[in-house]
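In: A predicted structure for the sequence below; I have some questions about it.
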Amino acid sequence: MQNRIYIKDLKDNIGNHSTSSGQKEIIIAGWVDVRRDQGKMVFFDMRDVTGKVQCVALPSRAEVIEKAKEIRSEWVLKITGLVNNRPEKNIKVGVLNGGVELEVTGIEVLSEAQDLPFDLDTEVNLDTYLDYLPFKLRTERAKDIFKMQASILDAYRNSLQQQGFTEFIAPALVGGDAEGGAAAFKVDYFNDHTAFLATSPQFYKQIMVGPFERAFTVAKIFRAEKSATTRHLSEATCIDFEMGFIENEREPMAVLEQVIRDVVQIVKEKHSDIFSHFNTTLPLLPNEIPILTLKEVHDILGVEHAPDMDPEHERNICEWAKKEKGSDFVFITRYPTKKRAFYTYEDPKEAPYSRGFDLLFRGLEINSGAQRIHNYDMLVAKIKERGMDPNKFSYYLQAFKYGMPPHGGSSTGLERFTARMLELPNVKEATSFPRDMTRIDSRLSE
Ligand code: AMO
């Protein structure tokens with residue numbers, strides 16, 4: 001739109017463009033937030049991507065006031081007006097445009113809105129929120145969440161690029177399940193073939209160690225697990241990296257730790273306002289993220305040794321790390337090999353524990369990684385040991401057949417990372433269009 005000014009820039013246009021014929025008109029465009037009629041005047045707030053401003057229609061402009069009386073919340077308008085200082089007593093300190101208002105000289109309706117189900121800012125339960133997501137995504141809260149997510153993703157990417165990783169695109173349609181255990185969605189493929197939606201870009205990132213040594217991808221993963229929890233999605237976004245020539249899992253852990261540092265630094269610089277809107281703080285990140293073995297976790301929590309952690313243990317060990325180590329992040333290592341994916345490396349001296357690791361953040365696992373098996377024969381043997389058919393993995397195995405260095409990597413769930421950054425109770429709020437067992441946009445009928 002020609003000559004449109006963003007609402008955040010209005011304060012730079014206060015009466016200072018006066019010409020001999022008077023002030024210069026400016027143009028804004030956006031949505032009507034709320035309308036308030038006061039005596040013969042009509043006040044309404046206009047909202048665009050940059051902020052809000054109060055507009056005032058004066059009775060002296062007959063055409064304007066008639067139109068202003070028609071408009072409703074969420075109508076889309078193009079407004080011409082004059083930017084005025086507010087009267088002293090009406091100034092709102094510390095609020096965008098708290099000191100100015102727009103005297104409306106013209107209203108063009110670009111689009112009308114039907115009656116709203118509820119006001120935009122009405123608090124509703126999660127299901128109703130998701131039912132009305134195309135509307136509710138316009139709230140400040142949702143915009144904050146996805147601004148934060150965009151910054152996390154950008155900072156994550158930049159950090160990996162800085163650390164020498166090359167980005168590639170992983171496929172979403174695959175021939176089988178890369179995790180050899182995670183439930184996969186089936187897809188009807190050509191000529192009566194069955195394909196699957198990728199549960200992980202795992203095989204492809206490992207193959208990419210061949211050409212690039214250090215590779216990463218931002219991938220959609222699809223999981224058909226029947227899990228209706230606050231941390232499971234059927235479709236999630238993962239940032240996966242893989243690196244060659246490592247000696248052990250500590251090297252990918254160090255890369256990940258650097259990524260976390262870079263992400264926290266960026267959100268600190270860009271989003272202190274968002275942290276305060278959500279009543280939370282920047283994550284605590286000491287000089288070194290604490291590393292605990294699974295056994296140590298169970299000892300600290302005073303619970304029985306077990307092959308895995310349950311959600312309550314994840315929350316409790318994070319509380320401990322925060323209190324004792326001043327860290328909102330904690331690495332857990334030395335899970336039993338049999339509990340990890342088949343490609344996870346186990347050093348014979350460390351058996352039966354693997355070189356896999358998880359990263360927990362504010363009570364939740366946000367990342368999983370490992371050193372991998374790089375020897376062809378060992379990998380084939382492992383596939384067989386797990387009761388799977390190596391022929392089904394021949395494409396992936398080609399990379400190993402033709403020489404693969406020791407390597408490892410990890411995968412972070414972007415939605416989980418974002419949710420914990422803002423301490424959102426449900427990962428679905430950190431997903432722009434969440435899919436779960438009962439919903440693909442709309443609720444699925446029973
Ligand atoms: P894993 O299965 O642990 O590991 O997945 C990695 C990370 O992805 C996120 N995630 C999910 N987020 C929301 N809903 C889900 N259903 C879901 N499933 C996974 C989590 C998790 O930590 N190939 C390995 C990674 C590796 O070893 O590099 C893997 O897929 O944040």
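Out: Thanks, I have it.

In: poorly predicted segments of the stretch 51-200 of the chain, please.
Out: Scanning the stretch 51-200 of the chain for pLDDT under 70 picks out 180-182.

In: should've said the stretch 301-446 of the chain
Out: If you take pLDDT under 70 as the line, the stretch 301-446 of the chain has these spans: 446.

In: for it, which residue gets nearest to the ligand?
Out: residue 413 (2.4 Å; CB to the nearest ligand atom). Heads up, the C-betas are built off the backbone N, CA and C, glycines and all.

In: surely that residue meets residue 236?
Out: Yes. In this structure, residue 413 is within contact of residue 236 by CB atoms under 8 Å, at 5.4 Å.

In: okay, those two: which has more neighbours?
Out: residue 413 (24 against 21; other CB atoms under 10 Å).

In: distance check, the more buried one against residue 305.
Out: Distance, residue 413 to residue 305, using CB to CB, to the nearest Å: 27 Å.

In: likewise residue 124?
Out: 44 Å.

In: domain map for the protein?
Out: 7-111, 129-162+246-443 (automatic domain parsing).

In: the first one: end-to-end distance?
Out: So the one you mean is domain 7-111. Distance between the two ends of domain 7-111: 19 Å, counting by CA to CA, to the nearest Å.

In: repeat that for stretch 367-377.
Out: 28 Å.

In: part of a strand, is residue 77?
Out: Yes. Assessed by DSSP: H, G, I helix; E, B strand; the rest coil, residue 77 belongs to a strand.

In: surely it is in contact with residue 33?
Out: No. Using CB under 8 Å, residue 77 is not in contact with residue 33, being 11.0 Å away.

In: more neighbours, the two?
Out: Using other CB under 10 Å, the more surrounded residue of residue 77 and residue 33 is residue 77, with 23 against 19.

In: what sits against the residue in the stretch 51-200 of the chain that the ligand sits nearest to?
Out: Closest to the ligand within the stretch 51-200 of the chain is residue 200: 3.7 Å, counting by CB to the nearest ligand atom. Taking CB atoms under 8 Å, 6 or more residues apart in numbering, we find residue 200 in contact with 178-179, 182, 219, 221, 238, 240, 411.

In: just to revisit the earlier point, the more surrounded of residue 124 and residue 305?
Out: residue 124 (13 against 9).

In: how about stretch 86-97: buried residues?
Out: residue 97 (16 or more other CB atoms under 10 Å).

In: ignore the last one, stretch 191-202
Out: Result for stretch 191-202 [16+ other CB under 10 Å]: buried residues 195-202.

In: first-to-last residue distance for that stretch?
Out: Across stretch 191-202, first to last residue, CA to CA, it's 27 Å.

In: over to stretch 275-291?
Out: End-to-end for stretch 275-291, by CA to CA: 27 Å.

In: surely residue 215 touches residue 170?
Out: No. Using CB under 8 Å, residue 215 makes no contact with residue 170, being 9.8 Å away.

In: looking at those two, which is more packed in?
Out: For residue 215 and residue 170, the more surrounded residue by other CB under 10 Å is residue 215, and the numbers stand at 27 against 24.

In: quick one, what contacts residue 61?
Out: 104-105.

In: dump the contacts of residue 200 into TSV; add secondary structure, neighbour count and distance to the ligand as well.
Out: Output for the contacts of residue 200, formatted as TSV (DSSP: H, G, I helix; E, B strand; the rest coil; neighbours: other CB atoms under 10 Å; distance: CB to the nearest ligand atom, whole Å):
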residue	secondary structure	neighbour count	distance to the ligand
178	coil	25	7
179	coil	18	6
182	coil	16	6
219	strand	22	10
221	strand	25	6
238	strand	24	5
240	strand	25	6
411	strand	24	4
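
In: of the residues you listed, closest to residue 403?
Out: The closest of the contacts of residue 200 to residue 403 turns out to be residue 178 (CB to CB; 21.1 Å).
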